[in-house]
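**Q** A predicted structure for the sequence below; I have some questions about it.
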Amino acid sequence: MGLYRHSGRVPVAGLLWCILLLTPLALIGGAAYSAAMVFLPFIKLKWLISLLFASAVGFVVGKVCETAKIRNRGFVILATVATMGLAYYVSWGVQRFWLVVGELGLEGAIDNVGLADLLPLSLAAWVTWLFENGLWSMRGGADTIKGWPLVVLWGIEAATLFITSWMLALGTYGFRPFCEACERWTTLDVGIAELPVDADDPAWAEVRDGRLEALRHLKINPAEDRHVRIDLATCPECETGDHVLISGIVYAVDKEGNLTANETPIIEYLHMTRDKTNELREFAAEMNEAVALMRADDEELHEDATDE
């Protein structure tokens, strides 16, 4: 038994899959993002588009890496930075084209703007012109933003794009175990049991060492604002890829009055034999039945107290 760790493998076929899919998506996405930033009139809409675009890039990269069977989170980060970097570069390179489209129409833009604008020297000249002259303002034409204040806005935009896409990519990719023997991702069975216990119970240390019998030593905590959830990741094709994920769930009310669930991993994908997995499923079924009976008794006591 031991905690799961990705093998770090990046299959050649998976690498090619990522390049062939993410490169054209970055080119098209960067051009579309640039058009949206040029033609949208409101600053709030521009920032919203930045967030949506970054989220879309992160989601796509995470899904593509998962589909390509990449078992290396560092590669996922690198693929996200490369994809967003290419898209961001293209968005700058075609910005002048969209501006000319707004002034002279599509035919005028095609006649006056060429692929040379995508070259680094041309792009540097365009950025320098924007730095010195600015392009847009915060108040309908007055006080055009240029110079270092404009650089600050560019920095905020870039940080928004790269950080958001990075977070979404890793969140989408996840950390589900991969069965190396069968060359496939495991199937996650979420919530086979929800235990009314605390996440900091000392018995979890024994469970982490592979002694599942320690689960029966957990102390019951009937508080309704917290519980522990048990998930199972299993390989449908063999008996060697089973892992258990145990998380503490605490509910809280945010400033807006909404109920939120804060999830903290207690044991993050402990490898188990199929016999141990079956043992855990039996324990989960027993605990679910016991919890249901306990809650039924609590409701009955509450109803009796109300009647009196």
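**A** Yes, it's here. Residues are numbered from 1 along each chain as shown.
**Q** okay but A79 is in contact with K63, surely?
**A** No - the pair A79 / K63 is not scored as a contact, 11.3 Å apart, by CB atoms under 8 Å. For every residue, glycine as well, the C-beta is placed using N, CA and C.
**Q** between these two, tell me which one has more neighbours.
**A** In this view A79 and K63 are compared by other CB atoms under 10 Å, and A79 has more residues nearby, 24 against 14.
**Q** now do the same contact list for V10.
**A** Going by CB atoms under 8 Å, 6 or more residues apart in numbering, V10 touches I70, R71, N72, F75.
**Q** at 6 Å instead, please
**A** Residues counted as contacts of V10 (CB atoms under 6 Å, 6 or more residues apart in numbering) are I70, N72, F75.
**Q** surely the last one forms part of a helix?
**A** Yes - the assignment for F75 by DSSP: H, G, I helix; E, B strand; the rest coil puts it in a helix.
**Q** name the element the closest residue to it other than its chain neighbours belongs to?
**A** Nearest residue to F75, sequence neighbours excluded (CB to CB, 6 or more residues apart in numbering): V10, at 5.2 Å. Under the criterion DSSP states H and E, no helix or strand holds V10.
**Q** if I look at V10, how far off is G257?
**A** Distance of V10 to G257, given as CB to CB, to the nearest Å: 46 Å.
**Q** can you add distance to D200, neighbour count and pLDDT and give the contacts of V10 back as CSV?
**A** Shown next, in CSV, are the contacts of V10 (distance: CB to CB, whole Å; neighbours: other CB atoms under 10 Å; pLDDT from 0 to 100):
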residue, distance to D200, neighbour count, pLDDT
I70, 35, 25, 97
N72, 32, 16, 96
F75, 35, 20, 97
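**Q** is it true that A36 touches I49?
**A** Yes - here A36 reaches I49: they are 4.8 Å apart, a contact under CB atoms under 6 Å.
**Q** for these two, indicate the residue with more neighbours.
**A** Legend: neighbour count by other CB under 10 Å for A36 and I49, higher for A36 (18 against 15).
**Q** okay, that one and Y88: tell me how far apart.
**A** From A36 to Y88 the distance is 14 Å (CB to CB).
**Q** ok, which stretches of the stretch 151-300 of the chain are helices?
**A** 203-208, 274-307 (DSSP state H, counting those that start in this stretch).
**Q** out of those helices, which gets nearest to P177?
**A** helix 274-307 (12.7 Å; CB to CB).
**Q** point to the residue nearest the middle of the protein.
**A** The geometric centre of the chain, computed from its C-alpha atoms, lies nearest to G171 (CA atoms, centre = their mean), at 2.1 Å.
**Q** roughly how far does that one sit from L52?
**A** For G171 relative to L52 (CB to CB), the value is 16 Å.
**Q** then F175?
**A** Distance from F175 to L52, by CB to CB: 25 Å.
**Q** neighbours around A181, how many?
**A** As a measure of burial, A181 has 12 neighbours, counting by other CB under 10 Å.
**Q** same check on the one 4 residues further on?
**A** Around W185 there are 18 other residues, counting by other CB under 10 Å.
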